[in-house]
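> Need coordinates for the following:
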Amino acid sequence: MQEEEGHYDIAVVGGGLAGTCAAIAAARLGRRVALVHNRPVLGGNSSSEIRVWVCGATAHGVHRWARETGIMGELYTENQYRNPEGNPYYWDQVVLDAVLAEPLIDLYLNTDVRDVEASGPEGAREVHSCTGWVMGSERRVTFRARQFLDCTGDGLLGHLAGARYRVGREARSEHGEPWAPDEADEALLGSTILFYTKDAGHPVKFVPPGYARDLTSTPLLRNRVLRTGDNGCDYWWIEWGGELDTVHDNERIRDELQAVVMGVWDHIKNSGEFPDATDLTLEWVGSLPGKREYRRFVGDHVLTQQDILQQRQFEDRVAFGGWSVDLHPVQGMYADEPGARQRYANGVFHIPLRCLYSANVTNLFFAGRNISATHIAFGATRVMATCATLGEAAGTAAALCVDEGLTPRELATTRPELVRRTLLRQDASVIGLCADDPADLARTARVSASSHLDQLAAEPTADAPGTPYPLTRDLALLLPVDPALHAVDLLVHGAEDGRPRELTVELWGTGLPENGVPVDHLTTTTVTAAPGGPHWVTARLDHHPQAPENVVLIVRACPGAALVRLPARTDGVLALRRRAEGDAAVDHDIPEEEGQLVLEWQARGLRRNSFAFRASPATRAFTPEQAVGGHQRPYGGPRLWSSQPLPDQWLRLDWDHERQLAEVRLVFDDDVDEYLNNLHRHRTPYEIMPELVRDYRVQHQAADGAWHTLLTVTGNRRRHRVHRFAEAVRTRALRLVVDATHGTPRAHVIAFKAYAA
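The predicted model follows:
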């Protein structure tokens, strides 16, 4: 056996998406990081070994403007460019490349941590080292570090260090959660094994192995739906082990899951009920169970069902999610009840830093499915894109603890502004936090631009005249209001029976700035739609909010009348429709609870479309000041500079006296409303988001007034660009010139930042 020892600032144990993003975040902040993973590939449940779709706050497109940014956002968009077919092996390479691009990360694959050295009293223990066995190499490596991150999912590192944790469900009396059981128990969400099929182009037989489960002897055929066109996570409900110990009984759970997979395929191929399966064959079957739940550590805050569904806005929030509270029956696939029960908040929910460190181990962070949350809340936080954002937050916090000589608790309670500013500087996944970084000199500059979009409108053209969209259901527009909304003109087709129609038009507030559903009724008016058309009609609203906000303009159903649907997006605007009977659910085979506004008002099916409208007065939602306003995501408005059509569009910073600049950071619009998925449960036609700036120049103004180009970028496909100058630049003015986008006619810039030498 070969003994080795490594000394690091931070040791991250677990190379799923949480651990991967944690390691990258810490390394980008200058910390030396060991990333230790017990499998040969990174990505955890998302890897080619298990192949679970990476889901997150968009919740399969349910939520508006909710796709993750930061490191997870980079992985999503890079995969979209490299891997438009959703190949699981290409996804592995995207994740691995992101790690290998960071010179301060030492990657240890196939390294299983089994021992931890920790000491101290129960309430203030400290981890000194952890030791792993490198499988296949006969090497034993000890990792010493100042901060440790448990991103193992199962929570083994923290368990061995003596960190407090929970397994199973809390009683309702502990936190008052409506969905919690009367008595605490050890019930868990089970594990899953997935499979892929392909069309061989000729008949293929299937001889089942002897261990294949006979589905006729189980409740599966009665309670679950089999389809020949389903693949991968379509079979998420092949789940079992919730009544067992998902770690200690892992092999038993794997055997049962594989037996059921073979039984499902045997039934599809050989029962005679699926004649279209004749040419299908198995392409891949997983050999590792994808685990959902085990230990959940106890931090200084335990996230609850109420925190999620009430969207509590914590002062120390460091990430957000949007997945439903998604709980499965303990019997898994053998349950007589549906495979899941789900409840969505009206928009995204927030997760505080206090959920990401141990309450009793002074140098232990955690991220992923093992964070400090109840079993009920964990049902929403456990999906991988959310876990990845938690990893970035925890890795960032760990790096700051090393820099400042603080414990995680001291950082969270005495320096929350440091965490907030650093996350925003990195363009991490936070919503509602406004950048106030004193190091950003753009905050003290005068901002101007060549132009800005000042009219909210979507009007037909000769090339795109639009089509009638019948008012057989309520339709709506989500609109930014800054400074006021006096009136909205709507293009309406009247009835063909020769009689005018009275249309009811209502204006609603969204309740919270991060939401996009009608919550608070503001005003109602009526307009008359003359027969035939289309005709423009005007809804008088006279709405004057105290601060910029989004509103929902609803046109109530009116048989015989129609709005005009245009096949183009309008900046800052979304078209919505009220769900009608028969509309597709979020996921097949899951009954939906009543009273969920984000399901009642759908954006899916209308994204990148608009109803023809004109709003007055002119809007300030896209002025150049938005690019230094501090918000880097839609929040009570689009929060970006949008120009008039290209070319010759620029954004400028001017200072009263000369500045010495060393770095520029740019955040471009990559349309966080577009739902992406690593293995393409949903397909988007764009390998690169059309809104993203493609070609640009950064220039500074010399003393004689001439502009000199500091850098030129062509073919950009990143949202967040960091440009450090080899030598400091002395100037009183800086300019970003946008030469081209990847498709849209306007330049979109979310943030323009400048930092001193």
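> quick one: the residue nearest to residue 591 when sequence neighbours are not counted from residue 327, how far?
For residue 591, ignoring the flanking residues on the chain, the nearest one in space by CB to CB, 6 or more residues apart in numbering is residue 338 at 5.6 Å. For the C-beta atoms, the positions are set from N, CA and C on the backbone; glycine is no exception. Relative to residue 327, residue 338 is positioned 11 Å away (CB to CB, to the nearest Å).
> quick one: which of these two has more around it?
residue 327 (20 against 15; other CB atoms under 10 Å).
> Give me the domain ranges for the protein.
2-166+299-326+344-425, 191-285, 441-451+622-756, 457-616 (automatic domain parsing).
> Find out how far the third one is from the centre of the chain, if you would.
In this case it means domain 441-451+622-756. A distance of 22 Å separates the centroid of the chain from that of domain 441-451+622-756, by CA atoms, centre = their mean, to the nearest Å.
> Quick one: residues contacting residue 336.
219, 222-223 (CB atoms under 8 Å, 6 or more residues apart in numbering).
> one more time with 6 Å, if that's ok
219, 223 (CB atoms under 6 Å, 6 or more residues apart in numbering).
> cool, the one 5 residues further on as well?
Listed by CB under 6 Å, 6+ apart, the contact partners of residue 341 are residue 327.
> May I have the phi/psi pair for it?
phi -120, psi 130 (degrees, to the nearest 10).
> Got the confidence number for it?
Residue 341 is assigned 95 on the pLDDT scale.
> separation between it and residue 326?
Counting by CB to CB - residue 341 and residue 326 are separated by 8 Å.
> Now residue 20: which helix or strand?
Using DSSP states H and E, residue 20 maps to helix 17-28.
> For that helix, name the packing helices and strands.
strand 2-13, strand 33-36, helix 384-404 (3 or more CB pairs under 6 Å, 6 or more residues apart in numbering; DSSP states H and E).
> would you list those in CSV and tack on mean pLDDT?
Shown next, in CSV, are those (pLDDT from 0 to 100):
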stretch, mean pLDDT
strand 2-13, 97
strand 33-36, 98
helix 384-404, 98
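> so can I have CSV of those showing mean neighbour count and distance to residue 47?
Shown next, in CSV, are those (neighbours: other CB atoms under 10 Å; distance: least, CB to CB, whole Å):
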stretch, mean neighbour count, distance to residue 47
strand 2-13, 20, 16
strand 33-36, 29, 14
helix 384-404, 28, 10
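> Ok, which of the ones you listed comes nearest residue 497?
Taking CB to CB, helix 384-404 is the member of the helices and strands packed on helix 17-28 nearest to residue 497, at 49.9 Å.
> Grab the CA positions of the helix or strand that that closest one is followed by and hand them over as PDB.
Counting by DSSP H and E, the next helix or strand C-terminal to helix 384-404 is helix 408-414. Extracted C-alpha coordinates of helix 408-414, given in PDB (Å, rounded to 0.1, in the frame of the first residue of the first chain):
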ATOM      1  CA  PRO A 408     -19.000  29.100   8.900                       C
ATOM      2  CA  ARG A 409     -21.200  30.400  11.700                       C
ATOM      3  CA  GLU A 410     -19.100  33.500  12.100                       C
ATOM      4  CA  LEU A 411     -19.200  34.200   8.400                       C
ATOM      5  CA  ALA A 412     -23.000  33.700   8.200                       C
ATOM      6  CA  THR A 413     -23.800  35.900  11.200                       C
ATOM      7  CA  THR A 414     -21.100  38.600  11.200                       C
END
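> Can you spell out which helices and strands pack onto helix 408-414?
helix 384-404.
> contacting residues around the helix it packs on?
If you take CB under 6 Å, 6+ apart as the criterion, helix 384-404 is touched by 9-10, 17-18, 21-22, 25-26, 29, 31, 46, 54, 56, 68, 70-72, 146-147, 149, 318-319, 321, 356, 365, 367-368, 411, 418-419, 422-423, 428-429.
> Of those, which belong to helices?
17-18, 21-22, 25-26, 70-72, 411, 418-419, 422-423 (DSSP state H).
> Flag every buried residue along stretch 222-233.
223-224, 226, 228, 231-233 (16 or more other CB atoms under 10 Å).
> which of the residues you listed lies closest to residue 286?
For the buried residues of stretch 222-233, the nearest to residue 286 is residue 232 (9.6 Å; CB to CB).
> Please look at the closest one and residue 193 and confirm they touch.
No: the criterion here is CB atoms under 6 Å, and residue 232 misses it with residue 193 at 11.1 Å.
> so how far is stretch 620-638 off the chain centroid?
Distance, centroid of stretch 620-638 to centroid of chain: 20 Å (CA atoms, centre = their mean).
> Averaged pLDDT, the longest strand seen in the chain. What do you get?
Across the chain, the longest stretch assigned as strand under DSSP state E is strand 720-741. Average pLDDT, strand 720-741: 97.
> in that strand, what's buried?
Buried, per 16+ other CB under 10 Å, within strand 720-741: 720-721, 729, 731-739, 741.
> Return the member of the residues you listed nearest to residue 513.
Nearest to residue 513 among these, with distances taken as CB to CB, is residue 720, at 22.2 Å.
> so who does the closest one touch?
Taking CB under 6 Å, 6+ apart as the test, what residue 720 contacts is 427, 667.
> coming back round to it: what's the first helix or strand after the longest strand of the chain?
strand 746-756.
> which helices and strands does that next one pack with?
strand 641-645, strand 649-668, strand 720-741.
> hmm, back to that, reformat the ones in helices among the contacts of helix 384-404 as TSV; add distance to residue 100 and neighbour count.
Output for these, formatted as TSV (distance: CB to CB, whole Å; neighbours: other CB atoms under 10 Å):
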residue	distance to residue 100	neighbour count
17	16	33
18	18	34
21	15	36
22	16	38
25	16	30
26	16	33
70	19	25
71	14	28
72	18	29
411	29	21
418	29	16
419	27	23
422	24	20
423	24	26
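> what's the farthest-apart pair in the residues you listed?
With distances taken as CB to CB, the most widely separated pair in the ones in helices among the contacts of helix 384-404 is 17 and 418, at 24.9 Å.
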